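Trainee: let's see this in three dimensions:
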Amino acid sequence: MKACVVILCAGADVGCDELDGLTPLQSAAMDSARELARSGRVGLVRSVPGGAMVGAGVCALTLLGRDPNEARVGEAVLVALGSGVGIEPGEWVFVLDLVCVQREDECGGVGGERIRDAWVGELPDDEGKALIGALMKHWSEQAPELVERMGYVHVGAGRAVVFDRSGMDWSSVETIDPGELHDLSWGSALPKGAWAEAKALRTLTELGREFLESCEINLAREEQGLRRADLGWLWGQGRLGGRSTTWQTHGVGGAMICDSALGSGIGSVLGLEPVLVERGDEASDAHHARMGSRVVGSIRANALTCVHASAPAHSSMRGDALGKARALESIDRGIVKPALEALRSSGEPWRMLIVPDRVHASVHRRSVDALVPFAMGGTDVVHVVERELSEIDGADSDLRVEHGDELLEFVLRSGLSGARDA
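Mentor: Predicted coordinates:
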């Protein structure tokens, strides 16, 4: 059997004023996804395990069959693997993001400084490298006992992977993706949990804030009217553990077609061959057509083809609901349509799943703890009520998958002639 799973990163949403109260999924003209939904089944699935706010990577891994309660992988592991950065056994890794804040006097002097942007926009790669290098040097001078066994690799403008070989156990520390903190006080979101380890991360964050305030690069950017890098935010810690591949859990293998380091890392953890299609500055129809071409090639060669499309998340994190709808339309034209055609012409039984990894409210630029809609179709998938792929139609359906890691097995096996029971 041939199967294709398309994950729409941050694809679900809430009603948006600029879309006349509709969500981007409802507003977008997604003809191929609509065709799949109407001829197949629509439902809701819990992608956020345990109701906790976790990173996008954990949500995607859950939807692709990994039990979130077994050897949870930190977002930093996914970013490192997807960026081609090696991790030693037992070594802890963090994501280090440069974050822009709204100063206290800019937000009325109430509630402290707030996160303005999780990533500093318009930050050239050379400035990002220089800022991260200077920050790490400052930490080593001011808190050598905390960072003497740390190293880092720059993986993009304003982002690095930080390694810790000190032997400290970071598993009980709670850190938050700065992308989930827009317009919230960063002081109230500092690491919590194991006292010594959480205090170490808080100390580094506060030292970084003081240093970056007077950093020459920041002062120059401010003079030019550009956003500053105000915080060095460590989060998403993890280490390599056991990997439950899709072959081990579902008896199928294949490829992960993606356009981000995160997607590539997800594929690596699941034993899928990562095929990274660079986005460039913006995700366009041409970009998604290139991804679609790789998807068709994978469908022809593999039993399972997974797609991780990041464009909806980029728009949603900018608060651009209309741009998010346009990104969904582009994915439908460039990826979903050719994938459906390739599956139908394969001459084999087939299944297809389209699912957002999480609900991300573009109006607030943060994720929401809610079930996400999905649409599945293909051989022996029988529909009773014709529905659309949308948050409302998913809620109207009686099909619920409360444990997200069971969705892939359901899609692959349920109702298929000759298949084992799901």
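
Trainee: secondary structure element holding the closest residue in space to residue 42 that isn't next to it in sequence?
Mentor: Nearest residue to residue 42 in three dimensions, chain neighbours excluded: residue 387, at 4.0 Å (C-beta to C-beta, 6 or more residues apart in numbering). C-beta here means a position set from N, CA and C on the backbone, and glycine is covered the same way. For residue 387, there is no host helix or strand (DSSP states H and E).

Trainee: doesn't residue 151 lie inside a strand?
Mentor: Yes - assessed by DSSP: H, G, I helix; E, B strand; the rest coil, residue 151 belongs to a strand.

Trainee: who's in contact with the closest residue to it other than its chain neighbours?
Mentor: In space, residue 151 comes closest to residue 163 once its chain neighbours are excluded; the distance is 4.7 Å by C-beta to C-beta, 6+ apart. The contact partners of residue 163, taken as C-beta atoms under 8 Å, 6 or more residues apart in numbering, are 87, 88, 91, 92, 93, 150, 151, 152, 153.

Trainee: given whichever strand or helix holds residue 163, what are its sheet partners and their directions?
Mentor: Counting by DSSP H and E, the element that carries residue 163 is strand 159-164. Strand 159-164 pairs in its sheet with strand 92-102 (antiparallel), strand 150-156 (antiparallel), by DSSP bridges.

Trainee: outside of the last one, which residues touch it?
Mentor: Applying C-beta under 8 Å, 6+ apart, the external contacts of strand 150-156 come out as 79-80, 83, 85, 96, 125, 128-129, 132-133, 136, 139, 160-166, 261.

Trainee: which of those count as buried?
Mentor: Buried members of those, counted by 16 or more other C-beta atoms under 10 Å: 79-80, 83, 85, 96, 128, 132, 136, 139, 160-164, 261.

Trainee: now for those: which two are most distant?
Mentor: Between any two of those, the greatest separation by C-beta to C-beta is 23.8 Å, found for 139 and 261.

Trainee: on that earlier part again, count the residues that sit near the residue nearest to residue 42.
Mentor: 22 (other C-beta atoms under 10 Å).

Trainee: distance check, it against residue 317.
Mentor: Applying C-beta to C-beta, to the nearest Å, the value for residue 387 to residue 317 is 28 Å.

Trainee: still on that earlier bit, show me the beta-bridge partners of the residue nearest to residue 151.
Mentor: Beta bridges link residue 163 to residue 93, residue 151, judged by DSSP bridges.

Trainee: if I look at it, how far off is residue 61?
Mentor: Counting by C-beta to C-beta, the gap from residue 163 to residue 61 is 22 Å.
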